[in-house]
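Visitor: Here you go, sequence then predicted model.
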Amino acid sequence: MRTWLEEYSVGDEMRSPYFRLRTEEIVNYARYTHDLRPLLFDTPERAAEPMFIPPLYLLSLGMCLLSQSEERSYLPERLIAFLGFQTVTFGARAQVDDLIYSWAAVDAVDLGGRRGRLWYRHEVRNQDDAVLVANRHGMYVGRRADEA
Amino acid sequence: MKRWLEDFTPGEELTSHGRTVGEADFLTWAGIDHSYASVHLDDQLMRSTPYGQRIGAGFMTLDLSVGLFGQGDWSFYWPSGALSTESWEDLDFPAAVFIGDTLRCRRVIAGIEPGDDGTGVVVHDVQVINQRDEIVLAGRERIRVRKRDEGAGSGPTHGTAGGHG
């Protein structure tokens, strides 16, 4: 695990373990969030189509998978606050039983200004490396220089 | 009520019903999203921080914001002709969510972008607000929606499986 913003460099990469998208996970998500798109069908014919997987579920899960990366360095010890997302785009359609994983790379390390900022490019991909979700997000991180 | 691209008007807005988030929501979300960060789960630790208590996961708020329309005018968010969410932009979490907060979601139609392929994009400005009208989430969602002529010919659909979201 890393502590300070200075320990990150542009191009640092991290990758999560694989995660299988199971039907029961999607059903539990729908029950909890009340996003019922995986469960409700307007015609019987549509019930035969592949289960709808809410895109925000993929985004949320993908972000949390990053914390499981082998390097354990996605979130620094001196994380101050999450900045948010500049963009989130949705690509290939996910399917039940897909194996998904997260990949991220440090996109910018901003040591100037009142607070240091760390920016990531992040993708959620399936077992064929097709990109399901792509985004750029940032966070405020403490600087060693400020602590001294 | 079935809606297609032509049924949206810039400036149109809708605020959802509310949902009070309890401790059970924090714990359940951790299990669903596999997000086990201490800031959401460790009450003792969080008492010693400026927050003084656990704070909700930003993604819990984001994902609940969709379901808040499930009990009301669902077609405002996900109309008959909805095909997919194309993107979110400038998604931010300006304030923390605490146990006991009541969340509502406000969506304003910021723009309509007709395409030449029988579809177009409906742009939503999205805010989630708490019981003190503080904004706890803000962003812009772009949803691709069929035009009426195209959609009417393909039979009834509420977009349940019509795209990846």
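Guide: Everything's here; your move.
Visitor: C-alpha only now, for contacts and for neighbours.
Guide: OK.
Visitor: A:Ala108 reaches A:Leu118, doesn't it?
Guide: Yes: under the criterion of CA atoms under 8 Å, A:Ala108 makes contact with A:Leu118 at 6.0 Å.
Visitor: Walking through chain B, point out its helices one by one.
Guide: Here chain B has its helices, by DSSP state H, at B:23-33, B:38-41, B:43-47, B:58-67, B:74-77, B:148-152.
Visitor: Only alpha carbons, please: show the fourth one as PDB.
Guide: What follows is helix B:58-67 as a C-alpha-only set of coordinates in PDB (Å, rounded to 0.1, in the frame of the first residue of the first chain):
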ATOM      1  CA  GLY B  58     -21.000   7.400  -3.200                       C
ATOM      2  CA  PHE B  59     -21.900   4.500  -5.400                       C
ATOM      3  CA  MET B  60     -24.700   3.500  -3.000                       C
ATOM      4  CA  THR B  61     -26.200   7.000  -3.600                       C
ATOM      5  CA  LEU B  62     -25.600   6.800  -7.400                       C
ATOM      6  CA  ASP B  63     -27.200   3.400  -7.800                       C
ATOM      7  CA  LEU B  64     -30.100   4.200  -5.500                       C
ATOM      8  CA  SER B  65     -30.800   7.300  -7.600                       C
ATOM      9  CA  VAL B  66     -32.100   5.200 -10.500                       C
ATOM     10  CA  GLY B  67     -34.500   3.100  -8.400                       C
END
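Visitor: check whether that helix contacts chain A.
Guide: Yes: remark: helix B:58-67 sits within contact range of chain A at B:59, B:62-64, B:66-67, by CA under 8 Å from any CA of the partner chain.
Visitor: so which of those comes closest to A:Asp42?
Guide: Lowest distance from A:Asp42 to the residues of helix B:58-67 next to chain A (CA to CA) belongs to B:Gly67, with 17.7 Å.
Visitor: Model confidence for the closest one, exactly?
Guide: Listed pLDDT for B:Gly67 reads 94.
Visitor: ok, now which ones touch it?
Guide: Shown in contact with B:Gly67 (CA atoms under 8 Å, 6 or more residues apart in numbering or on different chains): A:33-36.
Visitor: Equivalent analysis for A:Asn126, please.
Guide: So A:Asn126 contacts A:94, A:98-101, A:132 (CA under 8 Å, 6+ apart).
Visitor: Distance of the nearest residue to B:Arg144 once chain neighbours are set aside relative to A:Phe85?
Guide: Closest residue to B:Arg144 apart from its sequence neighbours, by CA to CA, 6 or more residues apart in numbering or on different chains: B:Val121 at 4.4 Å. Between B:Val121 and A:Phe85 the distance is 20 Å, computed by CA to CA, to the nearest Å.
Visitor: These two: which has the busier surroundings?
Guide: Legend: neighbour count by other CA atoms under 10 Å in any protein chain shown for B:Val121 and A:Phe85, higher for B:Val121 (23 against 20).
Visitor: Settle this for me: that one is touching B:Ile109, isn't it.
Guide: No: at 10.7 Å, B:Val121 does not count as touching B:Ile109 under the criterion of CA under 8 Å.
Visitor: Run through the residues of chain A sitting next to chain B.
Guide: For chain A, the residues in contact with chain B (CA under 8 Å from any CA) are A:25, A:28-29, A:32-38, A:40-43, A:46, A:49-57, A:60-61, A:64-65, A:82-90, A:92-94.
Visitor: In strands, which of the residues you listed appear?
Guide: A:82-90 (DSSP state E).
Visitor: Mind pulling the model confidence for residue 12?
Guide: In the absence of a named chain, chain A is used. 96.
Visitor: not what I meant, chain B
Guide: For B:Glu12, the predicted pLDDT is 97.
Visitor: Thank you, goodbye.
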